[in-house]
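Chemist: With the input below, show me the fold.
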Amino acid sequence: MKLTWHEVACEVSGSLAYHFKDGSNAFWTAIQVRNARYPIAKLEAMAGGAYVELPRLDYNYFVKADGLGTGPYPLRVTDQRGHVVEDPGIALGDDVTRAGAGQFAACP
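Modeler: Next up is the predicted model:
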């Protein structure tokens, strides 16, 4: 039997959300992207005037081991389809979730 499959968008409402792992601070920052319509391919944060890709660890957090500073952070999220959402400034937090400004567009 031949199987076929395709991804479908998650039915979500509202914007992307960024959850800061407990212990996140200016010197060690871990962010999980939540409420995304499509699977996330990468997360980038503005550092020194340019976007820097944060590595994703096994527990689904994107971590900057030497931190991102005090924030707020401009963030850029790319989904597996290549769509990009930029958030101009997300405030640092410790075990908190911050709402973003945008969401990936739904498929037509």
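
Chemist: Show me what the spatially most central residue of the chain bridges to in the sheet.
Modeler: When the chain is reduced to its mean C-alpha position, the nearest residue by Cα atoms, centre = their mean turns out to be Val33, at 3.6 Å. For Val33, the beta-bridge partners are Tyr18 (DSSP bridges).

Chemist: For it, give me its contacts.
Modeler: Contacts for Val33 (Cβ atoms under 8 Å, 6 or more residues apart in numbering) come out as Leu16, Ala17, Tyr18, Ile40, Leu43, Phe62, Val77. Bear in mind the C-beta positions are built from the backbone N, C-alpha and C, glycine included.

Chemist: cool, and Phe27?
Modeler: Applying Cβ under 8 Å, 6+ apart to Phe27 gives the contacts Asp66, Gly67.

Chemist: related to what we said a few turns ago, could you work out the most separated pair of the contacts of Val33?
Modeler: Using Cβ to Cβ, the two most remote members of the contacts of Val33 are Ala17 and Phe62, lying 13.5 Å apart.

Chemist: Comparing the two, which residue is more hemmed in?
Modeler: The neighbour count for Ala17 versus Phe62, taken as other Cβ atoms under 10 Å, is higher for Phe62 (23 against 17).

Chemist: Settle this for me: the more buried one is touching Pro55, isn't it.
Modeler: Yes: if you go by Cβ atoms under 8 Å, Phe62 and Pro55 touch, sitting 6.8 Å apart.

Chemist: all strands of the chain, in order?
Modeler: Shown for the chain, the strands assigned by DSSP state E span residues 17-20, 29-34, 40-47, 50-54, 62-64, 73-79, 84-90, 96-99.

Chemist: and the nearest residue to Phe20 once chain neighbours are set aside, how many neighbours?
Modeler: The shortest distance from Phe20 to any non-neighbouring residue, by Cβ to Cβ, 6 or more residues apart in numbering, is to Gly93 (4.3 Å). Using other Cβ under 10 Å, Gly93 has 18 other residues around it.
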